[in-house]
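Asks: Got a predicted model here, sequence first, then my questions.
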Amino acid sequence: MDYSDFMWKAILKQAWTKVVASITSLWHSVYFHWQLKNKTGYILLTAFIFVVISIPTLTYQVVKYKNIQRNIKCLALNVFHEARSESNAGQRAVASVTLNRVDSKRYPDNICDVVYEKNWDIIRKRYVGQFSWTEFDEPPKLKSKAWLRAWKIAETSYNEKSRHRLNGAMFYHAKHIKPSWARKKKPIALIGRHIFYK
């Protein structure tokens, strides 16, 4: 190592030592002045900023939670009225059809709107619900075993909505009836007392 390299390294080391000393001195000065200050204003300002930031976040979370609960309730009502006497598999299948419709561009994009959707019926000359029970809306007994089971199926189906659901089935009817629309659909499953179509 020649003398110029040695000098250059010594100058860099001395400069770095001065930078570190300056930063340390500045930090000690700021810290000293901070200790002497009345911090009430800073504390109140920090609390105010925290509240201002928290309120919209909390409001969003509350609204989101209520919206999820509303959609699960609509799904549970559909499962309850359409398949309360069916097995768990039958009830899950009804929930799957409802959720498949939500995913389809041919239907509304949320569960409650899918469940309560009505279309004009030329023969009856009135709007008719996609699910017949919505025209009568008999409220379930909220503490009954059948309602609690329907709610559990709906909640599970909602939380697993990204999973493959009954091969994309979007229609079903009871085995004992033969609706005209079913002739044009492809049956893909028979679960309990319902035939499911794509």
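Replies: It's in. Every value quoted in this text rests on a predicted model; they were computed, and no experiment measured them.
Asks: Every contact and neighbour count from this point should use C-alpha atoms.
Replies: Fine.
Asks: center of this structure, which residue is that?
Replies: Closest to where the C-alpha atoms of the chain average out (CA atoms, centre = their mean) is I68, at 6.2 Å.
Asks: Can you tell me the element that residue falls in?
Replies: Assessed by DSSP states H and E, I68 sits inside helix 40-83.
Asks: now K152
Replies: helix 145-159.
Asks: Report the rounded mean pLDDT for the helix or strand that that helix is followed by.
Replies: Remark: after helix 145-159, the chain's next helix or strand is strand 171-174, criterion DSSP H and E. What strand 171-174 shows for mean pLDDT is 94.
Asks: List the neighbouring strands of strand 171-174 plus their orientation.
Replies: strand 194-197 (antiparallel) (DSSP bridges).
Asks: model confidence over the strand it pairs with, on average?
Replies: For strand 194-197, the per-residue pLDDT averages 95.
Asks: quick check, distance from it to the centre of its chain.
Replies: Centroid displacement of strand 194-197 relative to its chain, using CA atoms, centre = their mean, to the nearest Å, is 28 Å.
Asks: Not counting its own residues, what contacts that strand?
Replies: 90, 169-175, 182, 185-190 (CA atoms under 8 Å, 6 or more residues apart in numbering).
Asks: Pull out the buried residues from those residues.
Replies: With burial judged by 16 or more other CA atoms under 10 Å, the buried subset of these is G90, A169, M170, F171, Y172, H173, A174, A189, L190.
Asks: Quick check: closest non-adjacent residue to the fifth one.
Replies: Put plainly, it is Y172. F196 (4.3 Å; CA to CA, 6 or more residues apart in numbering).
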